[in-house]
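Participant: Attaching a predicted model along with its sequence, questions to come.
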Amino acid sequence: MTSYWTGERVRLRAVEPGDGGLFARLSAEEERLGDALNPPQSAEGWEAFAREKAAADPSGDAYQLVIESVADGTAVGAIGVHRADPRSGWFEYGITVAEEHRRKGYAGEAVRMVLRHQFEERRCHKATARVFAHNGPSLALQQAVGFAEEGRLGRHVFVRGRHVDVVLFALFAEEFYAKYGEPAGF
């Protein structure tokens, strides 16, 4: 049996202390795509971020993972659960894939792996995502995976001199299983 965290295209792995450069590059690309603009962070700041994530308890409700290509082991992006409410059974996730690795199926497979983990192992019943309304590729990804738009926060975030909408998405465990199959038995 292959690892639960390895699919056809991607392997999800823990953040390592040396992954600061990856997160710096992903952040710069997200900024170019119209993400919220933050002041520049030093290389040491990104390395400290990676060290913090690498030392985090992997059994916690929020976690960050690196997405690697199965074909050659290249780190192609990151995915994480950023908010979770175990009592109510929901979580919010986020993903980013490096520009040169987009449209290769990495994001969809990584999202499905995290969703399956949250639904099967964390007893969650609802996944959520927030996407800037101007981010067409991310909107399309959510819909392709099976998420439905739940609402829109009008002029909710201030980005590059203007307020932009944030689209709220949700996917319930039963919808996920209907699309991707029930958990495998023992």
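Facilitator: Sure, I can see it. Numbers count the residues shown, from 1 in each chain.
Participant: roughly how far is stretch 152-169 from the heart of the chain?
Facilitator: In terms of CA atoms, centre = their mean, to the nearest Å, the centre of stretch 152-169 is found 19 Å from the chain centre.
Participant: what about it, average pLDDT?
Facilitator: Regarding stretch 152-169, the rounded mean pLDDT is 95.
Participant: all strands of the chain, in order?
Facilitator: 10-14, 63-69, 75-85, 90-97, 126-132, 148-159, 162-172 (DSSP state E).
Participant: between the first one and strand 90-97, how big is the angle?
Facilitator: For strand 10-14 and strand 90-97, the angle between their directions (axes from the mean of the first three to the mean of the last three CA atoms, to 10 degrees) works out to 110 degrees.
Participant: Over to R122: give its phi and psi.
Facilitator: R122 adopts backbone torsions of phi -110, psi 0, taken as degrees, to the nearest 10.
Participant: What residues does the residue lying closest to F23 once chain neighbours are set aside make contact with?
Facilitator: Computed as CB to CB, 6 or more residues apart in numbering, the closest residue to F23 that is not its neighbour in sequence is W46, at 5.3 Å. Where C-beta positions appear, they are placed from N, C-alpha and C, glycine not excepted. Contact partners of W46, counting by CB atoms under 8 Å, 6 or more residues apart in numbering, are 20-21, 23-24, 27.
Participant: Now the buried members of the residues you listed.
Facilitator: If you count burial by 16 or more other CB atoms under 10 Å, the buried members of these come out as 20, 23-24, 27.
Participant: For the chain, which helix or strand comes out least confident on mean pLDDT?
Facilitator: Within the chain, confidence by mean pLDDT, DSSP states H and E is lowest for helix 20-32 among all helices and strands, at a mean of 92.
Participant: residues in contact with that one?
Facilitator: Outside helix 20-32, the residues within contact range by CB under 8 Å, 6+ apart are 37-38, 41, 43-51, 66, 75, 77-78, 96, 98-99.
Participant: Flag every buried residue along the top helix by length along the chain.
Facilitator: Determined from DSSP state H, the single longest helix within the chain is helix 106-121. Applying a neighbour-count criterion of 16+ other CB under 10 Å, the buried positions in helix 106-121 are 106-120.
Participant: ditto for stretch 126-140
Facilitator: For stretch 126-140, using 16+ other CB under 10 Å, the buried residues are 126-133, 135, 138-139.
Participant: For the nearest residue to A148 once chain neighbours are set aside, give the beta-bridge partners.
Facilitator: Nearest residue to A148 in three dimensions, chain neighbours excluded: A170, at 6.3 Å (CB to CB, 6+ apart). On the basis of DSSP bridges, A170 is bridged to T128, A148.
Participant: which one of the strands of the chain is the most hemmed in?
Facilitator: Most buried of these by mean neighbour count (mean count of other CB atoms under 10 Å) is strand 63-69; its value is a mean of 22.
Participant: and that one, which strands flank it?
Facilitator: The pairing partners recorded for strand 63-69 under DSSP bridges are strand 10-14 (antiparallel), strand 75-85 (antiparallel).
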